[in-house]
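> sequence? don't have it. structure:
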């Protein structure tokens, strides 16, 4: 019998792990939104928009095959290595703020990683299909295992699949941190931002990094919960 069945009145103390993960994610999300909003009001002395910043950085890096395009929304900026497209959101593309320039530079950091063959980025890209499948199918497979009389084989397989999505989150951390480090260095070296402006950009990128840290922590806590609930079976005598 599974350990979870011993909890009185169906109270599951492992939900505490889920709650901790949710709180961490909410705090990180709130932090990045407030920090980005604050420095979105600080206009850069260069007057460059996010798109112009991205174009300048890519050209200086000798990258001419990356397309820059605008997408609707806020804080959904990203670089797509498959199509070599750098997508900047409404709050970044045509904006001249310190926050917008920092985000644009960060995404350029990913493009430069791709151009240089950065190993963690390659590794992350390689496990994307497995991670997506694991995130989608892990719980259905675990539930099927329970409905089939507690098939430990299916349950374990589901946990392994979920582990793939956790691995993706963990590998994402060095990729994002490295992109931010590259962005700050480039903005400083090229003089796109003044020293006082770079401090604001660092705060924006640090806040953004916290969302990935929180996401990884939440995933690890969820995996721990799965292991505690279903990692071993105990049957009644």
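Happy to help now that I have it. If you're wondering where the values come from, they're calculated on a predicted model, not measured in any experiment.
> Would you tell me which helix is longest in this structure?
When the chain is parsed with DSSP state H, its longest helix is helix 152-190.
> That one packs against which elements?
helix 50-60, helix 98-116, helix 119-147, helix 195-230 (3 or more CB pairs under 8 Å, 6 or more residues apart in numbering; DSSP states H and E). Every C-beta, even on glycine, is put in place using the N, C-alpha and C of the backbone.
> could you give me the average pLDDT of that helix?
Averaged across helix 152-190, the pLDDT comes to 94.
> Could you do stretch 137-144 as well?
Averaging the model's pLDDT scores along stretch 137-144 yields 91.
> do the same with stretch 81-94
In this model, stretch 81-94 carries a mean pLDDT of 96.
> who touches it?
Residues outside stretch 81-94 that contact it (CB atoms under 8 Å, 6 or more residues apart in numbering) are 36, 40, 49-51, 54, 58, 65-80, 99-100, 103-104, 107-108, 110-111, 114, 121, 125.
> related to what we said a few turns ago, export the helices and strands packed on helix 152-190 to a markdown table and tack on mean neighbour count?
Listed next are those as a markdown table, based on neighbours: other CB atoms under 10 Å:
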| stretch | mean neighbour count |
| --- | --- |
| helix 50-60 | 21 |
| helix 98-116 | 26 |
| helix 119-147 | 16 |
| helix 195-230 | 19 |
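> quick one: which of those helices is nearest residue 168?
helix 119-147 (3.7 Å; CB to CB).
> can you give me the offset of the closest one from its chain's centre?
The chain centroid and the centroid of helix 119-147 are separated by 16 Å, computed with CA atoms, centre = their mean, to the nearest Å.
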